[in-house]
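Participant: Give me the fold of what follows.
(2 chains)
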There are 2 protein chains.
Amino acid sequence: MNLVDGVLAGDRLALSRLLTAVENDTPAGRAGLDALFARTGRAYLVGITGSPGTGKSSLVNRLVKLFRNPPDGRPAWRVAVVAVDPTSPFTGGAVLGDRVRMRDCAGDPGVFIRSMASRGALGGLAVQTAAVTQVFDAAGYDVILIETVGAGQAEVDIASLAHTTLVVEAPGLGDDIQAIKAGILEIADVLVINKADLAGADNTRRALQTMLERAPAKPWPARLVSTVAVSGAGMEELFWAILDHYQFLKSSQEWQRRDAQRLRAGLDELIRAELVRRWREDTPAEVYESVLNRMAGRKLSPFEALDDLLTTRKQAAA
Amino acid sequence: MNLVDGVLAGDRLALSRLLTAVENDTPAGRAGLDALFARTGRAYLVGITGSPGTGKSSLVNRLVKLFRNPPDGRPAWRVAVVAVDPTSPFTGGAVLGDRVRMRDCAGDPGVFIRSMASRGALGGLAVQTAAVTQVFDAAGYDVILIETVGAGQAEVDIASLAHTTLVVEAPGLGDDIQAIKAGILEIADVLVINKADLAGADNTRRALQTMLERAPAKPWPARLVSTVAVSGAGMEELFWAILDHYQFLKSSQEWQRRDAQRLRAGLDELIRAELVRRWREDTPAEVYESVLNRMAGRKLSPFEALDDLLTTRKQAAA
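Facilitator: Residues are numbered from 1 along each chain as shown, chains lettered A, B, ... in the order given. Next comes the predicted model:
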């Protein structure tokens, strides 16, 4: 049985092997993505982002259990968790958290957890994450929780990947966090104040509430929810806020719009990577190195070097 | 007088206008970078990175004063500060901090402060930051402090831009920070525990010390310094640790190696952006949109779309 058939038959080992192939961008990985692509577009992608120390992992663990056993008695969702750690480009930081999580959900066949810590061969972590979610989507997982250590570009990338974006805050993470919140409001569908039992939680909530009230009107104004993930307090309210946003997306054009936006971003990244790959293939290494040497000697500016490599030589070859 | 002459003559308004032109990637900005490039390579680039709440801005303010007035009576350095806030892609978060800083150093002609919050036209914030530092370098600034809200890729980019990288930590920023530290050790030349008067500082120091002792031997083992930037405690020790690293770079091949590495990264980014720009110019928008539509309808996978746009059409055109 090939990997794709295995994945469609629910074989977890086949799924795990295909995910590895996709992450490493092997021919088998690309073939798998091609074969599965027609079955994608159904899974609900929820991004969870926030600074270190906000308790995202505990929150995700609680959400997994709620999706597996919804409080209103509705059927369980099949849940995949993709833990992306862009802060560990060198080492397997995320893998550690993975083991802790594994222990929690061990034995539940409706849950699959995957950590991604390394930078992808496939043109960057965002593309790699998108590809991994496509595999889970085609494999029939109903909801995919994408957890990332939030900061800057990674947050924005997650927001453009997910249907619903949760931004997790915690009280007392410092003063310059204010600067961050301004940007966060633009991507958050649900704002979570976790560790809401800590001192300062009321201040944090008031500050965020004020910012939300001052934000421009939107079809979906960001929801604010306080939680204590370790005890479970507020988690059901958070779960319903997420499902409200799901209903909002499904009942508007927003679901399709976000799908198209995601596909566009992914295609652009593939094009970028392929253009660079082809250019490298066409450019002798010694030519490139000689241009760099002249730059290091300040004989050639970067723009002159660009012109030399992309225009002059192309004309000479023509 | 044109902008470049103005910059070389020490005209602050001309400098400010050229920086804006460079950030917006205008023809004048590119011409300015070209004209100034031969004068670059002298400035000492110091990156300061760390999570929100670690007190980086106060630390940078103190460092500016120390470089302006070195404790051993040596001549003052001319100091530029580039405050990069990749967490505020939408709004001017960094500008706020800028005003606070401005007040502190107002009237000192040997200090120039520049904030960058927006995503650059010039192929990403890292390239834009590198270009801005080139202008300061050519303008005769001796040291350029590059402050960034650290996280993941941004940190790695700063590390490849700077000669010396400071990673700032603070006690008690949460548990999953452990995962981050593993990656941080790879880029830190100096590890700063700021807010060292807070509870838990000893634990943080011990944990970092242990990690440093277990790290593989390096020509420059990362230095560990405790500070309280708001009071100034430990700041002189930090200043000397930075200058020790400066001496280490100058007395080894490391200064040249980091310069070449920085130029390479910048050139690669320019090439990438230019290849994409040319491809977009050559590809009719309706062709691209029609491919995207077939993707959204799951008629075409991303790799098939890539092949369609980059290979099939190219062959048809040939």
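Participant: longest helix anywhere in chain A?
Facilitator: For chain A, the helix reaching the highest residue count under DSSP state H is reported as helix A:254-282.
Participant: check whether it contacts chain B.
Facilitator: Yes: applying Cβ under 8 Å from any Cβ of the partner chain, one finds that helix A:254-282 is in contact with chain B at A:256, A:259-260, A:263-264, A:266-267, A:270-272, A:274-276, A:278-279. Every residue, glycine included, has its C-beta placed from N, CA and C.
Participant: of the residues you listed, buried ones?
Facilitator: A:259, A:263, A:264, A:266, A:267, A:270, A:271, A:272, A:274, A:275, A:276, A:279 (16 or more other Cβ atoms under 10 Å in any protein chain shown).
Participant: Setting aside sequence neighbours, what's the nearest residue to the second one?
Facilitator: Think residue A:263. Counting by Cβ to Cβ, 6 or more residues apart in numbering or on different chains, residue A:263 lies nearest to residue B:295, which is 4.9 Å off, once chain neighbours are set aside.
Participant: Could you list the buried residues of the host helix or strand of that neighbour?
Facilitator: Per DSSP states H and E: residue B:295 is located in helix B:285-296. Under the neighbour-count criterion of 16+ other Cβ under 10 Å, helix B:285-296 has B:288, B:291, B:292, B:295, B:296 buried.
Participant: would you list every one of the strands in the stretch 101-250 of chain A?
Facilitator: Listed in chain order, the strands of the stretch 101-250 of chain A (DSSP state E, counting those that start in this stretch) span A:111-116, A:143-149, A:164-169, A:190-193, A:223-226.
Participant: Report all helices and strands that the third one contacts.
Facilitator: The one in question is strand A:164-169. Applying 3 or more Cβ pairs under 8 Å, 6 or more residues apart in numbering or on different chains; DSSP states H and E, one finds that strand A:164-169 contacts strand A:44-50, helix A:56-68, helix A:153-161, helix A:177-187, strand A:190-193, helix A:235-251.
Participant: Quick one: mean pLDDT over the fourth one.
Facilitator: Read it as helix A:177-187. Mean pLDDT, computed over helix A:177-187, is 59.
Participant: same question, the shortest one
Facilitator: Strand A:190-193 carries an average pLDDT of 94.
Participant: how about that strand, does it reach chain B?
Facilitator: No: judged by Cβ under 8 Å from any Cβ, strand A:190-193 and chain B are separated, with a smallest distance of 14.7 Å.
Participant: That strand pairs with which strands?
Facilitator: In the sheet, strand A:190-193 lines up against strand A:164-169 (parallel), strand A:223-226 (parallel) (DSSP bridges).
Participant: Can you give me the pLDDT of residue A:233?
Facilitator: pLDDT, residue A:233: 97.
Participant: Can you give me the neighbour number for it?
Facilitator: Residue A:233 sits with 13 neighbouring residues when counted by other Cβ atoms under 10 Å in any protein chain shown.
Participant: Pull the contacting residues for it.
Facilitator: A:196, A:197, A:227 (Cβ atoms under 8 Å, 6 or more residues apart in numbering or on different chains).
Participant: swap in residue A:296?
Facilitator: Residue A:296 touches B:256, B:259, B:260, B:263, counting by Cβ under 8 Å, 6+ apart.
Participant: tell me the pLDDT at the third one?
Facilitator: Read it as residue B:260. Reported pLDDT for residue B:260: 92.
Participant: Domains of chain A: list them as residue ranges, please.
Facilitator: Listed by automatic domain parsing, the domain ranges of chain A are A:1-38, A:40-253, A:268-317.
Participant: hmm, back to that, tell me if I'm right that the residue nearest to residue A:263 and residue B:301 touch.
Facilitator: Yes: Residue B:295 is within contact range of residue B:301, at 7.5 Å (criterion: Cβ atoms under 8 Å).
Participant: Using neighbour counts, trim the contacts of residue A:233 to the buried set.
Facilitator: Among the contacts of residue A:233, those scoring as buried are A:196, A:227 (criterion: 16+ other Cβ under 10 Å).
Participant: Mark which of the contacts of residue A:233 are part of helices, please.
Facilitator: Using DSSP H, none of these sit in helices.
Participant: now, which of the contacts of residue A:233 sits nearest residue A:188?
Facilitator: Closest approach between the contacts of residue A:233 and residue A:188, by Cβ to Cβ: residue A:227, at 14.3 Å.
Participant: where's the closest residue in space to that closest one that isn't next to it in sequence relative to chain B, distance?
Facilitator: Leaving aside its sequence neighbours, residue A:227 sits nearest to residue A:234 (Cβ to Cβ, 6+ apart; 3.7 Å). Distance, residue A:234 to chain B, by Cβ to the nearest Cβ, to the nearest Å: 19 Å.
Participant: now do residue A:27
Facilitator: 10 Å.
Participant: Can you give the distance of stretch A:292-306 from its chain's centre?
Facilitator: 37 Å (Cα atoms, centre = their mean, to the nearest Å).
Participant: mean confidence score for that stretch?
Facilitator: 95.
Participant: Repeat that for stretch A:147-164.
Facilitator: On average, stretch A:147-164 scores 70.
Participant: Figure out the length between the terminal residues of that stretch.
Facilitator: Across its full length, stretch A:147-164 reaches 12 Å end to end, with Cα to Cα, to the nearest Å as the criterion.
Participant: Residue A:300 is in contact with residue A:308, correct?
Facilitator: Yes: look at residue A:308 against residue A:300 with Cβ under 8 Å: they come within range, at 6.9 Å.
Participant: which one of these two has more residues nearby?
Facilitator: residue A:300 (23 against 16).
Participant: okay if I get the buried residues of helix B:285-296 as a markdown table plus distance to residue B:242?
Facilitator: As requested, the buried residues of helix B:285-296 are exported to a markdown table (distance: Cβ to Cβ, whole Å):
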| residue | distance to residue B:242 |
| --- | --- |
| B:288 | 49 |
| B:291 | 52 |
| B:292 | 50 |
| B:295 | 51 |
| B:296 | 52 |
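Participant: just to revisit the earlier point, between residue A:308 and residue A:300, what contacts are shared?
Facilitator: Common neighbours of residue A:308 and residue A:300 (Cβ under 8 Å, 6+ apart) are residue A:291.
Participant: Now render the strands of the stretch 101-250 of chain A as a markdown table, adding distance to residue A:42.
Facilitator: Formatted as a markdown table, the strands of the stretch 101-250 of chain A follow (distance: least, Cβ to Cβ, whole Å):
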| stretch | distance to residue A:42 |
| --- | --- |
| strand A:111-116 | 16 |
| strand A:143-149 | 11 |
| strand A:164-169 | 15 |
| strand A:190-193 | 22 |
| strand A:223-226 | 24 |
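Participant: With mean neighbour count as extra columns, can I get these in JSON lines?
Facilitator: Shown next, in JSON lines, are those (neighbours: other Cβ atoms under 10 Å in any protein chain shown):
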{"stretch": "strand A:111-116", "mean neighbour count": "22"}
{"stretch": "strand A:143-149", "mean neighbour count": "26"}
{"stretch": "strand A:164-169", "mean neighbour count": "27"}
{"stretch": "strand A:190-193", "mean neighbour count": "25"}
{"stretch": "strand A:223-226", "mean neighbour count": "20"}
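Participant: Setting aside sequence neighbours, what's the nearest residue to the residue of the stretch 201-318 of chain A found nearest chain B?
Facilitator: Ranked by Cβ to the nearest Cβ, the top residue of the stretch 201-318 of chain A for proximity to chain B is residue A:301, at 3.7 Å. The spatially closest residue to residue A:301, leaving aside those adjacent along the chain, is residue B:37, at 3.7 Å (Cβ to Cβ, 6+ apart).
Participant: Repeat that for residue A:308.
Facilitator: Nearest residue to residue A:308 in three dimensions, chain neighbours excluded: residue A:291, at 5.8 Å (Cβ to Cβ, 6+ apart).
Participant: biggest separation within the buried residues of helix B:285-296, which pair?
Facilitator: B:288 and B:296 (12.8 Å).
Participant: that older thread, for the residue of the stretch 201-318 of chain A closest to chain B, grab phi and psi.
Facilitator: Phi and psi for residue A:301, reported as degrees, to the nearest 10, are phi -80, psi 160.
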